[in-house]
Structures are given as C-alpha cells and as structure tokens.
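> how does the following fold in three dimensions:
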Amino acid sequence: MAYDEPLANRIRQAFGTRHDITERKMFGGLAFLYRGRMCCGIVGRDLMVRIPDDEFDAVMRRRHVRPMDFTGKPLRGFVYVSPPGFRTAAALRTWVSRGERVAKEKATEPTKRRPSRKTGSAAGNGRAISKSRRSSTD
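Down below sits the predicted model:
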C-alpha cells in the first residue's frame, strides 16, 4: 500500500532538521522513529500514532481516531487518525509530539530481547543432533 507523500512532507516539516528522527518503511507505509523507536507513521492516507497506555482510552473517544488494527486485532498503544483529525499544522504537531513523547520514554527503557526463532527441519521437533553428539557411524 502506498502512503500519502504530502503527509510525509508535513511530518518531516514538523520534526525539522533533526538527526535523532529516522524514517523506515513499515506496516505497508512509512514510519518515523526516534532513536529506533516508532513514534508515528503513515498508512495510506491515515496518520498512525503511538499513544501512552494511560491515555489510550481517552484518545479512542476522540473524533477521527480508531484503533490500529491492520492485522484484524487492535494493537493497544497505537491508533490511526483520519485526515480531518490532522488537517491543521497545529493538530498534526500535537499528534506527532504525543507519539514522540512515547518513543522517547521507550528509548530510555532497556531493549527487550526476544529469543531467536529456529528455522529449517530441526525447528520445533526437539530432535536436532549437534555434530559433537553424532556417533562415528553417521
């Protein structure tokens, strides 16, 4: 899915010439990251924003906001804002600032390491034999 390039330019303008903000294609759109942590992005014509957990329910009651549910299951902590919700530069800056605030908080937390996923025929069967345990007749 393509993203709204004029909106991307507006977000770039809101951030200015900062070196701690990067862009990455994600979720079929474009994400803006603060030191590697997503703060906002664009999916189609919608603005995707990271929301503090304690503000999520209140934000969901606002007009032009819906849950981020690109997989069919809403992802708490992220919302989509439709274009009328960020029509003005001030409204867009408010949303972008909210997402940046959450990303800054996340950037100070230690990175959670997920266990690597095994692939191939030995994955999941629990019967992989290391070379050191093989018999000499193998």
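> run through the residues that contact R50.
38-40, 77-78, 98-99, 102-103 (C-beta atoms under 8 Å, 6 or more residues apart in numbering). Any C-beta I mention is one placed from the backbone N, CA and C, and that applies to glycine too.
> rerun that using 7 Å as the cut-off
38-40, 77-78, 99, 102-103 (C-beta atoms under 7 Å, 6 or more residues apart in numbering).
> ranges for the strands of the protein?
21-26, 29-34, 37-43, 46-50, 65-67, 78-81 (DSSP state E).
> any idea how far P6 is from P83?
As judged by C-beta to C-beta, to the nearest Å, P6 and P83 stand 10 Å apart.
> looking at those two, which has the bigger crowd around it?
Shown here are P6 and P83; by other C-beta atoms under 10 Å, P83 has more neighbours (13 against 8).
> so for the chain, the centremost residue is which one?
M38 (4.6 Å; C-alpha atoms, centre = their mean).
> the residue nearest to K106 when sequence neighbours are not counted: neighbouring residues, count only.
Sequence neighbours aside, R37 is the residue nearest to K106 in space, at 4.4 Å (criterion: C-beta to C-beta, 6 or more residues apart in numbering). Neighbour count for R37, taken as other C-beta under 10 Å: 18.
> give the bridge partners for R37, please.
Under DSSP bridges, the beta-bridge partners of R37 are Y34.
> was I right to think it contacts T108?
No: with contact defined as C-beta atoms under 7 Å, R37 does not count as touching T108 (9.6 Å).
> show me which pair in the contacts of R50 is furthest apart.
C40 and G77 (12.4 Å; C-beta to C-beta).
> have a look at those two and say which one is more surrounded.
C40 (29 against 16).
> against D54, how distant is F15?
F15 is 25 Å from D54, by C-beta to C-beta.
> which one's more surrounded, these two?
Counted by other C-beta under 10 Å, F15 and D54 do not tie: F15 has more neighbours, with 18 against 7.
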